[in-house]
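Peer 1: Could you work out the structure for the sequence below:
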Amino acid sequence: MNDFLDRKLSQRFRTFDDDRNGFIERIDFEMSVARLAEEFGHQSESPARQRLLDLSLGLWEHLLQVADTNTIRSISEAEYKAAFTLGLLETTETFDQGYMPLLCAIMDIVDQDRDGKLTVTDEIRWTGAMMHLSERDAREVFRRLDQDADGFISTRELLEAIRAFYFDNSPDSPGYRLLGPLDL
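Peer 2: Numbers count the residues shown, from 1 in each chain. Next up is the predicted model:
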């Protein structure tokens, strides 16, 4: 693992670690989904909220299987990074297959007019609610992802940026600052 990916994974780990206790746990996934759903008016009985929760908990269970080496049902940052070193992300194709349902579930909650696009306000709200991204960072992410400058980011542009976050080491890639500036 190169230093660049190591820093990106540290950053992603922090967005997963919702309660900031130094471990990723099931409650972190539950709380981030609840905050996102509530931000966009989806109560506990909402089918979109339940779908996102199911997919998020599936992701949690997968991470637990591949990363929880001491089997205490929590994942440290070192375990999280080790799982990537051991091939958690094999190819961009398998990444897309695994991540697209989760992204679609997020869009089902966030994209309230169902046009497949997010506004800057949508971006600020969803990344703030789900991953604690600041408004300033969310605006910058939006600016970078809106490559055609039409005032929207599409599901496709978002997936490309998320994929680039994990697979592209170029500082010019759309995913470079996906979660805000990287710690140096």
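Peer 1: C-alpha only now, for contacts and for neighbours.
Peer 2: Fine.
Peer 1: Let me see the ranges of the helices in the protein.
Peer 2: Per DSSP state H, the chain carries helices over the ranges 3-16, 26-39, 47-67, 77-85, 92-110, 120-131, 135-145, 155-167.
Peer 1: avg pLDDT for the third one?
Peer 2: Spelled out, that is helix 47-67. Across helix 47-67, the average pLDDT comes to 94.
Peer 1: That one: how far from the chain's middle?
Peer 2: Chain-centre distance of helix 47-67: 12 Å, with CA atoms, centre = their mean, to the nearest Å.
Peer 1: what does that helix contact?
Peer 2: Applying CA atoms under 8 Å, 6 or more residues apart in numbering, the contact partners of helix 47-67 are 25-26, 29-30, 33-34, 37, 42-44, 73-75, 79-80, 82-83, 88, 101-102, 105-106, 108-109.
Peer 1: Flag every buried residue along that helix.
Peer 2: Neighbour-count burial for helix 47-67 flags 48-57, 59-61, 63-64, 66-67 (criterion: 16 or more other CA atoms under 10 Å).
Peer 1: Look up how far residue 113 lies from the most far-flung residue of the chain relative to its centre.
Peer 2: Distance from the C-alpha centroid of the chain, by CA atoms, centre = their mean, peaks at residue 70 (24.8 Å). Noted for residue 70: a distance of 44 Å to residue 113, by CA to CA, to the nearest Å.
Peer 1: count of residues packed around the closest residue to residue 165 other than its chain neighbours?
Peer 2: Spatially, and ignoring its direct neighbours in sequence, residue 165 is nearest to residue 175 (4.2 Å; CA to CA, 6 or more residues apart in numbering). A total of 27 residues lie near residue 175 under the criterion other CA atoms under 10 Å.
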